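Peer 1: coordinates only, sequence not included:
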């Protein structure tokens, strides 16, 4: 009987592709699922210290749903780094100008705050409409 724990090597990782249609899905619930795919928690070979997640393609980002009065009340903040450089945008305005940013912000804040965060986030591809260039790579639809 072998009592050693299997630890996956970086070269052994196989990355899949997932397509998620955001039309009619609630932003928070969808974002937690996306973060799980990017981290790799759905795999048997998951390990917290190795980036073993998959690629995720999200389409129809402009049609994602939010509950309550978030459309008018939710505010996104950014700062230029200069005095007086604080700017804010509501969800309603962001949906009209950059709808992909809504999902990107939600997923970014759901990923663990560690050194693997940028690597994992780089595998997220978000598109405001149905068209995307990864049609040949996507293997599963969520």
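Peer 2: All right, it came through fine. Values in this document were obtained by computation on a predicted structure and should not be read as measured data.
Peer 1: residue ranges for the strands of this protein, please.
Peer 2: 17-21, 55-59, 75-79, 86-90, 124-126, 140-141 (DSSP state E).
Peer 1: which one of these is the most hemmed in?
Peer 2: Across the strands of the chain, averaging neighbours per residue (mean count of other CB atoms under 10 Å) puts strand 55-59 on top, at a mean of 22. Using the backbone N, CA and C atoms, a C-beta is placed for each residue, glycine as well.
Peer 1: list of residues touching the helix or strand of the chain with the lowest mean pLDDT?
Peer 2: Taking all helices and strands of the chain together, the one with the lowest average confidence (mean pLDDT, DSSP states H and E) is strand 140-141, at a mean of 78. For strand 140-141, contacts defined as CB atoms under 8 Å, 6 or more residues apart in numbering pick out 16, 17, 18, 19, 20, 21.
Peer 1: hmm, try it at 6 Å
Peer 2: Defining contact as CB atoms under 6 Å, 6 or more residues apart in numbering, one finds that strand 140-141 is touched by 18, 19.
Peer 1: now tabulate the strands of the chain in a markdown table and tack on distance to residue 134.
Peer 2: A markdown table is the format used below for the strands of the chain (distance: least, CB to CB, whole Å):
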| stretch | distance to residue 134 |
| --- | --- |
| strand 17-21 | 7 |
| strand 55-59 | 5 |
| strand 75-79 | 27 |
| strand 86-90 | 28 |
| strand 124-126 | 6 |
| strand 140-141 | 12 |
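Peer 1: okay, now the unreliable bits of the chain?
Peer 2: Across the chain, the ranges flagged by pLDDT under 70 are 1.
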